[in-house]
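Participant: Got a sequence here, can you build the structure:
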Amino acid sequence: MKLKQSKHRRGLATIITSAIMMSAVCMMGSAGVVWSQSSLATQQADMTNTASNYMNKLKESMVFEYVYCTSDPCNQMNVVITNIGDVGLDIDEITVSEKMSGFNKIQLVNNGQIMPNDSLKIAIDDASFSSYGVLDVMAKTSRGSIIQTQTST
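Facilitator: Have a look, this model is predicted:
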């Protein structure tokens, strides 16, 4: 027995297969466009944030107004820092050190925010300050800016 195949059915199957393939390609292409847009938006936000941080770090400027001992012998040191920049800054830590002996005192600063043209006084206690003639004082901000000075006790 011989089966007859209709030519119309073969043509219809080709059209349906092509339509399914085109739909699949369109869906995959749409998914690729959506993914690339979200990825691009994330990268753009990261680059904007990084550029903003670098610009603010460049605008940060501070000076030591005073660095002095409050008593003789020196067991407490007051450090006064003034923000002379255009943006607010946040002092994270102040380090007092003496290179020859290896003395190093790190004072973490909790409320170290300084607005432009304002000052901040930080008291650092250590009974051994009077043992050294010259001390190095360094202040570091949350953005990584550093200033240094020396003081005699």
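Participant: which element follows the helix or strand bottoming out on mean pLDDT in the chain toward the C-terminus?
Facilitator: Least confident helix or strand, the chain: helix 7-59 with a mean of 85, by mean pLDDT, DSSP states H and E. With elements assigned by DSSP states H and E, the helix or strand that comes after helix 7-59 is strand 62-69.
Participant: Report the angle between whichever helix or strand comes after that next one and strand 62-69.
Facilitator: Next along the chain after strand 62-69, taking DSSP H and E as the criterion, comes strand 76-83. Relative orientation of strand 76-83 versus strand 62-69 (axes from the mean of the first three to the mean of the last three C-alpha atoms, to 10 degrees): 160 degrees.
Participant: Which parts of the protein belong to which domain?
Facilitator: Domain segmentation of the chain under automatic domain parsing yields 7-59, 61-152.
Participant: Could you say which of those is packed most deeply?
Facilitator: domain 61-152 (a mean of 15; mean count of other C-beta atoms under 10 Å). Quick note: C-beta positions are derived from backbone N, CA and C, even for glycine.
Participant: now the end-to-end length of that domain.
Facilitator: 24 Å (C-alpha to C-alpha, to the nearest Å).
Participant: tell me the mean pLDDT for that domain?
Facilitator: Averaging pLDDT along domain 61-152 yields 91.
Participant: how close does Glu98 sit to Asn104?
Facilitator: 8 Å (C-beta to C-beta, to the nearest Å).
Participant: same deal with Ser142?
Facilitator: Where Asn104 is concerned, Ser142 sits at a distance of 21 Å (C-beta to C-beta).
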